[in-house]
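what follows is a protein structure lacking sequence information:
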C-alpha cells in the first residue's frame with residue numbers, strides 16, 4: 001500500500017500549489033512532470049483539481065518546490 005498525503009492541514013490544495021509552482025519557476029507542465037517523475041497529463045489533472053490525493057513522494061516533492069519557490073520582490 002502506498003503512503004498518501006493530503007494537504008488538508010495546509011491552507012492550500014494541490015491544485016493551487018501546482019499552479020503556484022508553475023508560475024514561480026516558469027515551468028511548463030511537461031517540465032514540472034519531469035521534475036516530479038510523472039506524466040504531463042498527470043500534472044495537468046493535479047492543476048485542474050481532478051487528482052486531489054497524491055503519493056507521498058510526489059506530494060512531498062511538490063510541497064518542497066512550493067516552499068522553496070522564489071518570492072517576487074516588492075516594487076519600491
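Right, received. Where do you want to start? Treat the numbers as computed from the prediction; the structure is a model and nothing was measured.

make it CA atoms for all contacts and neighbour counts henceforth
Noted.

from the contact counts, what lies against the helix or strand that residue 17 is a member of?
When secondary structure is defined using DSSP states H and E, the element that contains residue 17 is helix 14-25. The contact analysis (3 or more Cα pairs under 8 Å, 6 or more residues apart in numbering; DSSP states H and E) places helix 14-25 against helix 40-48, helix 56-67.

rebuild those helices as CSV, extending it with mean pLDDT, distance to residue 12 and mean neighbour count.
Output for those, formatted as CSV (pLDDT from 0 to 100; distance: least, Cα to Cα, whole Å; neighbours: other Cα atoms under 10 Å):
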stretch, mean pLDDT, distance to residue 12, mean neighbour count
helix 40-48, 97, 12, 17
helix 56-67, 93, 10, 16
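
and those: which comes nearest residue 26?
Comparing the helices and strands packed on helix 14-25 by their distance to residue 26 (Cα to Cα), the top pick is helix 56-67, with 12.3 Å.

got the angle between that closest one and helix 14-25?
An angle of 50 degrees separates the directions of helix 56-67 and helix 14-25 when computed by axes from the mean of the first three to the mean of the last three Cα atoms, to 10 degrees.

identify the residues contacting the residue nearest the centre of the chain.
When Cα atoms, centre = their mean is applied to the chain, the residue found nearest the centroid is residue 18 (3.2 Å). By Cα atoms under 8 Å, 6 or more residues apart in numbering, residue 18 lies in contact with 43, 46-47, 62, 66.
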